[in-house]
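Chemist: I need the structure of the sequence given here:
(one chain, ligands or ions: 1)
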Amino acid sequence: MSRPTRSVRTQVVGGFAVLIAAFTAVAGWSLQRQQRAVQELRLANEGYLQLTAKLGDVRVNAGLLTALLDRLVDERDREASQAWITSTRRSRRGRLAAARQVVRRSLARAEGVEDRRLLEQTDRTLLAIDRTFADDEPRFDALLATLARGDAAAAATMKDDLVHLEEGSEERLSRTIRALQGRVQVLSDGSERERRQTLRLTLFATAVAVLLGVLTTIRARRVLDPLARLRDRAQAVARGDLGTVSVPAAEDEIGELAQEFERMVGAVGARDAALHDANEKRLRAERLAAVGRMAAHVTHEVRNPLSSMALNAEMLGDELDAMGEPGSEARRLVHSIQREIDRLANLTEEYLRVARLPSPRLQREDLAGLVADTLVFVAQEMAVAGVAVVREEQAGVPAVRADESQLRQALLNLFRNAREAMESSSCATPRLVVRVEAREFEGRRGAAVCVSDAGPGLTPEATEHLFELFFTTKARGSGLGLTLTREIATAHGGALWAQRAAAVDGGGACFVLWLPTADGEGAIDA
Ligand code: ADP
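Modeler: Modelled structure (predicted):
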């Protein structure tokens, strides 16, 4: 069997895989953006802001030192100013070193080229300022020594040089702080821009993912819908509905399952019908066996007394004739006794025929010829009943394999039933049409005899029970004729069924007796 075009697993798993992939992509992308934003924020907070604060300290310190220097030469309380200058000088390089540590930490963390360049530049500037501070140390010492000597003019010149140098460092620090603050501003603007962009893209990606989810759910429902139909069908089958139902072409495993299920139901139905047939046959056989036992009993108990009664009645009739009373009441009664005895004898014969139907001895027979012979045999009774007999033969009817005497018996039953049906209904134009034709049955070649009459046709009750043993609607019927005829047909591998006769054939009942032709058996020349 060819694989279905799209498997349920592929469709459902594929749909969910796309969904998971979409969600993973959205989540991964947004995580990465968040990570970057967090890193930039940390750099701004722990790096640039700390650095500007520390450098701001150093700059304030430098400004203070310049102010103290400016006033140092003219100061009356020179001791206190010198103490301030010394303590400020000592602490400023330590503050600068702390600021450079922050720069190095930030460098280790910075990923962007801009940040790295700015931090490296800052480090270089701080290093240069530190060197200036270091270089200034001997100048401070010399200034203080000059002041201690009381050389105010030389001290003023030295002070001016130092103030100039200190102002230069202060200016460089201010530039560096501005550059760092500018970078913080850039980072904060970028992070705001990033936040808005991330929000827009996240909303868009979420909408796409939701759309995919909805489509996958709709698809999954469409794929799984036939399961409900399959369940209903299974319930119907469980209730006994074994009829065939057409299913659409399989698109996936569920479609395949539905088709396989229908095939299985078909097989179960066929098996069911076969079982039913077998059961029917068994029941028929059991009934026939019962009739057989009864017939043997009847034969034993009734048949022998009947023949001596028939003999005695005949002798009694002869006696009355000899006494010259052929038309007397006694003679009429003897006739009536003889008729009843005949009928009873016929009945026992019929029972025996049904009960002891031997296996047919099959040989090649010309069905049309056999039908013609049998019709000659019943011609007299048909004429008496006023029945017009029409015989039709199709050319090229194949020979059948049949037991001649059993077939005659079957035909006689059908002809007599037709006559009796027309007699009982007081048919205006009694007519028996017997047609012999080539006919196929259940894919097998064969020939059929169709016996149609102009009687009342079959009642629904008769149609239902026609072939049942003992079913009869006639006052003096036995209900054995059609049972025997069907047994004969079945034993020949053939079939017998009833239908409505065509209007041209009388419009009454039509019995079709079909017999198979032997394989390779050719058509009989007309
Ligand atoms: P019997 O003739 O003893 O009744 P059969 O088995 O031959 O038994 O027939 C059974 C019943 O089938 C008949 O009683 C009759 O009701 C019905 N039947 C048979 N042949 C015909 C026919 N040609 N037209 C109408 N009914 C028929």
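
Chemist: residues touching the closest residue in space to residue 144 that isn't next to it in sequence, list them.
Modeler: Closest residue to residue 144 apart from its sequence neighbours, by CB to CB, 6 or more residues apart in numbering: residue 82 at 6.2 Å. C-beta: built from backbone N, CA, C; applies to glycine. Contact analysis of residue 82 by CB atoms under 8 Å, 6 or more residues apart in numbering lists 72, 144, 147.

Chemist: could you dump those to a markdown table with secondary structure?
Modeler: Compiled in a markdown table, those are given as follows (DSSP: H, G, I helix; E, B strand; the rest coil):
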| residue | secondary structure |
| --- | --- |
| 72 | helix |
| 144 | helix |
| 147 | helix |
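
Chemist: Return the member of the residues you listed nearest to the ligand.
Modeler: Set against the ligand, the nearest of the contacts of residue 82 by CB to the nearest ligand atom is residue 72 (149.0 Å).

Chemist: Which SSE is immediately downstream of whichever helix or strand residue 289 is part of?
Modeler: Here residue 289, judged by DSSP states H and E, is contained in helix 253-298. Once helix 253-298 ends, the next helix or strand along the chain (criterion: DSSP H and E) is helix 304-322.

Chemist: what inclination does that next one have with respect to helix 253-298?
Modeler: Relative orientation of helix 304-322 versus helix 253-298 (axes from the mean of the first three to the mean of the last three CA atoms, to 10 degrees): 50 degrees.

Chemist: So what touches helix 304-322?
Modeler: 326, 328, 330-331, 334-335, 337-338, 341-342, 344-345, 348.

Chemist: For residue 346, the count of nearby residues, please.
Modeler: Residue 346: 11 surrounding residues under other CB atoms under 10 Å.

Chemist: Can you confirm whether whichever strand or helix holds it lies near the ligand?
Modeler: Using DSSP H and E, residue 346 maps to helix 329-355. No: judged by CB under 6 Å from any ligand atom, helix 329-355 stays clear of the ligand, getting no closer than 8.4 Å.

Chemist: by contact count, what packs against that helix?
Modeler: Under the contact definition 3 or more CB pairs under 8 Å, 6 or more residues apart in numbering; DSSP states H and E, helix 329-355 sits against helix 253-298, helix 304-322, helix 481-491.

Chemist: Mind doing that once more with 10 Å?
Modeler: helix 253-298, helix 304-322, helix 404-424, helix 481-491 (3 or more CB pairs under 10 Å, 6 or more residues apart in numbering; DSSP states H and E).

Chemist: Enumerate the residues of the stretch 151-300 of the chain near the ligand.
Modeler: Contact residues, the stretch 151-300 of the chain versus the ligand (CB under 6 Å from any ligand atom): none.

Chemist: Quick one: low-confidence residue ranges for the stretch 151-300 of the chain.
Modeler: Within the stretch 151-300 of the chain, the segments meeting pLDDT under 70 span 250.

Chemist: again, only this time at 80
Modeler: 223, 244, 247-251, 284-285, 287-289, 291-300 (pLDDT under 80).

Chemist: Residue 132 touches residue 171, doesn't it?
Modeler: No: the criterion here is CB atoms under 10 Å, and residue 132 misses it with residue 171 at 11.5 Å.

Chemist: If you count neighbours, what's buried in stretch 16-32?
Modeler: 19, 22, 26, 30 (16 or more other CB atoms under 10 Å).

Chemist: What is the helix or strand where the third one lies packed up against?
Modeler: Same thing as residue 26. Assigned by DSSP H and E, residue 26 falls within helix 8-42. Judged by 3+ CB pairs under 10 Å, 6+ apart, helix 8-42 is in contact with helix 78-109, helix 152-238, helix 253-298.

Chemist: Serialize those helices to JSON lines and add fields for distance to residue 430.
Modeler: Shown next, in JSON lines, are the helices and strands packed on helix 8-42 (distance: least, CB to CB, whole Å):
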{"stretch": "helix 78-109", "distance to residue 430": "120"}
{"stretch": "helix 152-238", "distance to residue 430": "50"}
{"stretch": "helix 253-298", "distance to residue 430": "32"}
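
Chemist: Figure out which of those is closest to residue 503.
Modeler: For residue 503, the closest of the helices and strands packed on helix 8-42 is helix 253-298, at 32.8 Å, according to CB to CB.

Chemist: the inter-axis angle of the closest one versus helix 152-238?
Modeler: Orientation of helix 253-298 against helix 152-238 (the same axes, to 10 degrees) gives an angle of 20 degrees.

Chemist: Now do the contacts for the closest residue to the ligand within the stretch 251-400 of the chain.
Modeler: At 8.4 Å from the ligand, residue 350 is the closest residue in the stretch 251-400 of the chain, using CB to the nearest ligand atom. Neighbour list for residue 350: 295, 413, 478, 480-481, 484 [criterion: CB atoms under 10 Å, 6 or more residues apart in numbering].

Chemist: mind putting those in JSON lines, neighbour count included?
Modeler: Putting those into JSON lines (neighbours: other CB atoms under 10 Å) gives the following:
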{"residue": "295", "neighbour count": "21"}
{"residue": "413", "neighbour count": "23"}
{"residue": "478", "neighbour count": "16"}
{"residue": "480", "neighbour count": "20"}
{"residue": "481", "neighbour count": "22"}
{"residue": "484", "neighbour count": "22"}
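
Chemist: Among these, which pair sits farthest apart?
Modeler: The widest separation within these (CB to CB) is 17.3 Å, between 295 and 413.

Chemist: quick one on the thing from earlier: what's the angle from the helix holding residue 346 to helix 481-491?
Modeler: Going by the same axes, to 10 degrees, helix 329-355 makes 30 degrees with helix 481-491.

Chemist: For helix 329-355, what does the pLDDT average out to?
Modeler: Mean pLDDT, computed over helix 329-355, is 86.

Chemist: what's near enough to touch the most centrally placed residue in the chain?
Modeler: Residue closest to the mean C-alpha point of the chain, counted by CA atoms, centre = their mean, is residue 254 at 2.4 Å. Residues near residue 254 by CB under 10 Å, 6+ apart: 4, 7-8, 223-227, 229-230.

Chemist: can you put these in JSON lines and add distance to residue 45 and neighbour count?
Modeler: What follows is the contacts of residue 254, written out as JSON lines (distance: CB to CB, whole Å; neighbours: other CB atoms under 10 Å):
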{"residue": "4", "distance to residue 45": "60", "neighbour count": "16"}
{"residue": "7", "distance to residue 45": "55", "neighbour count": "17"}
{"residue": "8", "distance to residue 45": "54", "neighbour count": "20"}
{"residue": "223", "distance to residue 45": "53", "neighbour count": "20"}
{"residue": "224", "distance to residue 45": "54", "neighbour count": "13"}
{"residue": "225", "distance to residue 45": "57", "neighbour count": "11"}
{"residue": "226", "distance to residue 45": "61", "neighbour count": "20"}
{"residue": "227", "distance to residue 45": "59", "neighbour count": "13"}
{"residue": "229", "distance to residue 45": "64", "neighbour count": "13"}
{"residue": "230", "distance to residue 45": "64", "neighbour count": "17"}
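
Chemist: Save the residues you listed as a markdown table, and put in distance to residue 270 too.
Modeler: A markdown table is the format used below for the contacts of residue 254 (distance: CB to CB, whole Å):
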| residue | distance to residue 270 |
| --- | --- |
| 4 | 26 |
| 7 | 31 |
| 8 | 30 |
| 223 | 32 |
| 224 | 31 |
| 225 | 30 |
| 226 | 25 |
| 227 | 26 |
| 229 | 23 |
| 230 | 21 |
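
Chemist: on that earlier part again, relative orientation of the helix holding residue 289 and helix 8-42 in degrees?
Modeler: 150 degrees.

Chemist: oh, and call the first residue 122 from now on, that's how I've got it
Modeler: That works, and once the first residue is 122, the last one we named lands at helix 374-419.

Chemist: burial count for the closest residue to residue 567 other than its chain neighbours?
Modeler: The shortest distance from residue 567 to any non-neighbouring residue, by CB to CB, 6+ apart, is to residue 637 (4.3 Å). Using other CB under 10 Å, residue 637 has 21 other residues around it.
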